[in-house]
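Asker: structure, please.
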Amino acid sequence: MRSTWMVLALAATALAGCTVAPTHPALREAALPALVPVRDFVANRQSSGGYRVSPDGRKIAWFGTDGVSPAVWIKSLDADDAKAVRMRGRTLRWSADSSILAIVADRGGDEDMRVHAVAADGPSTEALDLTPFARTTSHIVMPVDGTADFVVSSNLRDKKVFDLYRIDARTGARTLLQTNPGNVGWWGVDRKGRTLARVTLDGTQGHLQRPAADGQPWRDLAQWSRWDTVILFGLQEDGRQAWALSNRGRDKLALVRFDLDTGTEDMVHADPDVDLDSVVLSRKTQQPLVIHAMPGYPARRVLDDALARRLDTLADGKPADVQIASMDDSETVFVATVTTDRGSRSYLLRGDQPAQLLGESSLSMVDTELASTRPITVTSRDGLALHGYLTLPPGVAPRQLPMALLVHGGPWQRDRWGNGATNRALQQFLANRGYAVLQLNYRGSSGYGRAFMEKAIGEFAGRMHDDLVDGVRWAVDAGVADPGRVAIYGASYGGYSALVGATFTPEVFACAVDVVGMSDLGSLLQNAPPYWELGKPWWVRFVGDPDRPEDLQRMRDKSPLYRADRATRPILIMHGVNDARVKLDQSERMVAALRAAGKPVEYLTFQGDGHGNQKWNNNLAMYRKTEDFLASCLGGRSSGFDYYQLGAWLF
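Answerer: All right, here's what the predicted structure looks like:
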């Protein structure tokens, strides 16, 4: 072992100082900010997030690290008793009696989610697996009032749909509550653990159903088009009312009161320009506290004056997405998260005490070296308003810059102002390397209403891609981008877009980076996870049915795999080997086709990760490969080597 460390130390010494200076003319003499090491973006052991206060207001849990390992931490608010559960969790949920912290996690990015339970009190960090089922995904639906029980959905019985179970988190004992007949897409469970409603999906219709008395069949109360969006939440204690974000009879998602007996809606709040994002309900009154939207910069409507003043103080008069991430039952202890274009910070709010900083993200810790992001609007060639964001590298005039077009996944998601998950805050990493970064919410993106989304029907590799090209032309016409040095970069659907850019419009892009992107639309749907079954009609509506020969041919025509010979510029493809959504063979086949056609392609896979890396060493490798690749084709700068790579190789 000693010799191993000596070799690593010598290697680190030899590789140190290998920073690659920018070669693009706009950057060579620029006063760019300090080069932030890759490790500070992806492996900062001091960063933390996901703070959740217990219902009794006495404890708090969060995501962090323990040494070099990912961990979930639990501690009392008023005692020095922190303990770490070494686990890479996805979500955290307290039991209603505050005795148990539930951690939902998968193994190696395979999305086979399991629910684990850890006792909040005492020194033990042992996690009890409440759903120890192979090749199964489970999620928490609701903690049950006054108990350590959770209602959990799981596809244990039928991999295509989810049944409901009540599980005692102290013992793991399970009780089957509801069996899915094969078409239930949503179960309505209240805080007492009662199943009060469900939504079934049949053909082109969604049906709201309530359980009948005396064991009779479920009865229909309302129906709507399957293409409407009705997101029900906050079932009231009387069992007759709920809240919903709904676009029934309108273009945009609005907050409505929803009558579970009749299916009728009463409008409460809407934004004229965008869908509402989210709503925070009062635990005590079950009335809305905060309503969020994002027309450009974040917008919030706070319905409690005292709370509004506290959140406004945290925003400090600047654009910020201020969210109530967690609260106790008495609503005297809150966790607030303040997210900007330069990271996020979490604060504890207790009564009238000053806000206490709990922790911050990796970006927040290097925010002085980061760039500003501003909302922009582009007009497409057919007159559609496209909203997005532009991030410009500081220290350089915004003229004729090398640019990265960063395409979000989904495609039914959207890019947001702030440290969002859609692109892993890559805009800041790329801007720090010297690039202008354009993020465009092309047609089909969510957040801008039904009509905007439906303009993407049949437009994969068509007008959806035209929108992206129009965004590039906008940046070129504005003098911001060098037309000969534009890269297209994306993950998932964004990765598909990168491959489309490389094979359908290679003249526009100097290079392309595809992360976990699909190359063959037909086989994507043919090999989809079984629990996509109820959602497949959405894909069929927008893309086609691979079981219909004429649709399959159209999907082939829109698939980069079958146009590999059209590529002319360098391509970088990266993929997690455990990807359950876009299988690894989507990249394997694309790489093989490009190499058979004699096209330039680099390929990197990530062990122990799936559809988006969670492991820091894989993220380190991804960012390092990205900066070197883009430096070679766009002329930005690169750190050249990060000594954490030695640790990544070791672990």
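
Asker: secondary structure element for residue 323?
Answerer: strand 321-327 (DSSP states H and E).

Asker: so which elements touch that strand?
Answerer: strand 49-53, strand 276-281, strand 288-293, helix 305-315, strand 333-340 (3 or more CB pairs under 8 Å, 6 or more residues apart in numbering; DSSP states H and E). In short, each C-beta sits where N, CA and C put it, glycine included.

Asker: outline the domain layout of this structure.
Answerer: As given by automatic domain parsing, the domain ranges for the chain are 48-180, 195-270, 272-369, 371-520+559-650.

Asker: how about stretch 71-89: buried residues?
Answerer: 71-75, 83-85, 87-89 (16 or more other CB atoms under 10 Å).

Asker: quick check: the farthest pair among those?
Answerer: 75 and 88 (19.4 Å; CB to CB).

Asker: still on that earlier bit, check the domains of the chain for me: which has the lowest mean pLDDT.
Answerer: Lowest mean pLDDT within these: domain 195-270, at a mean of 92.

Asker: gap between the two ends of that domain?
Answerer: For domain 195-270, the first-to-last residue distance is 29 Å (CA to CA, to the nearest Å).

Asker: how far does that domain sit from its chain's centre?
Answerer: Its chain's C-alpha centre and that of domain 195-270 lie 26 Å apart, by CA atoms, centre = their mean, to the nearest Å.

Asker: buried set for stretch 279-295?
Answerer: 279-282, 286, 288-295.

Asker: all strands for the stretch 51-200 of the chain, in order.
Answerer: In order along the chain, the stretch 51-200 of the chain carries the following strands (DSSP state E, counting those that start in this stretch): 59-66, 69-76, 83-85, 91-94, 100-105, 114-119, 128-129, 138-143, 149-154, 163-168, 174-178, 184-189, 195-202.

Asker: mind listing what's buried along the helix ranked longest in the chain?
Answerer: When the chain is parsed with DSSP state H, its longest helix is helix 616-634. Within helix 616-634, the residues scored as buried using 16+ other CB under 10 Å are 616-624, 626-634.

Asker: swap in stretch 571-581?
Answerer: Quick answer for stretch 571-581 (16+ other CB under 10 Å): 571-581.

Asker: which residues are in contact with stretch 494-501?
Answerer: Contacts of stretch 494-501 with the rest of the structure, by CB atoms under 8 Å, 6 or more residues apart in numbering, involve 405-409, 423, 460-461, 464-465, 468, 488-490, 508-509, 512-519, 558, 560, 571, 582, 590.

Asker: the buried residues of stretch 571-581: which two are farthest apart?
Answerer: The widest separation within the buried residues of stretch 571-581 (CB to CB) is 24.1 Å, between 571 and 580.

Asker: now the strands of the stretch 51-200 of the chain in TSV, with distance to residue 22?
Answerer: Formatted as TSV, these follow (distance: least, CB to CB, whole Å):
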stretch	distance to residue 22
strand 59-66	33
strand 69-76	34
strand 83-85	41
strand 91-94	40
strand 100-105	40
strand 114-119	46
strand 128-129	50
strand 138-143	46
strand 149-154	50
strand 163-168	55
strand 174-178	58
strand 184-189	50
strand 195-202	52
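
Asker: these: which one's closest to residue 238?
Answerer: Where those are weighed against each other on CB to CB, the nearest is strand 195-202, at 9.8 Å.

Asker: partners of the closest one, with directions?
Answerer: Note on strand 195-202: by DSSP bridges, its sheet partners are strand 184-189 (antiparallel), strand 205-210 (antiparallel).

Asker: beyond the last one, next helix or strand please.
Answerer: Which is strand 205-210. strand 219-225.

Asker: and the angle for that following strand with strand 195-202?
Answerer: Going by axes from the mean of the first three to the mean of the last three CA atoms, to 10 degrees, strand 219-225 is angled at 50 degrees with respect to strand 195-202.

Asker: what packs against strand 219-225?
Answerer: Against strand 219-225 (3+ CB pairs under 8 Å, 6+ apart) you get strand 205-210.

Asker: list the buried residues for the strand it packs on?
Answerer: For strand 205-210, by 16+ other CB under 10 Å, it's 206-210.

Asker: wait, what's in contact with the closest residue to residue 270 other than its chain neighbours?
Answerer: Nearest non-adjacent residue to residue 270, counting by CB to CB, 6 or more residues apart in numbering: residue 254, 3.6 Å away. Residues in contact with residue 254 (CB under 8 Å, 6+ apart) are 245-247, 267-271, 276.
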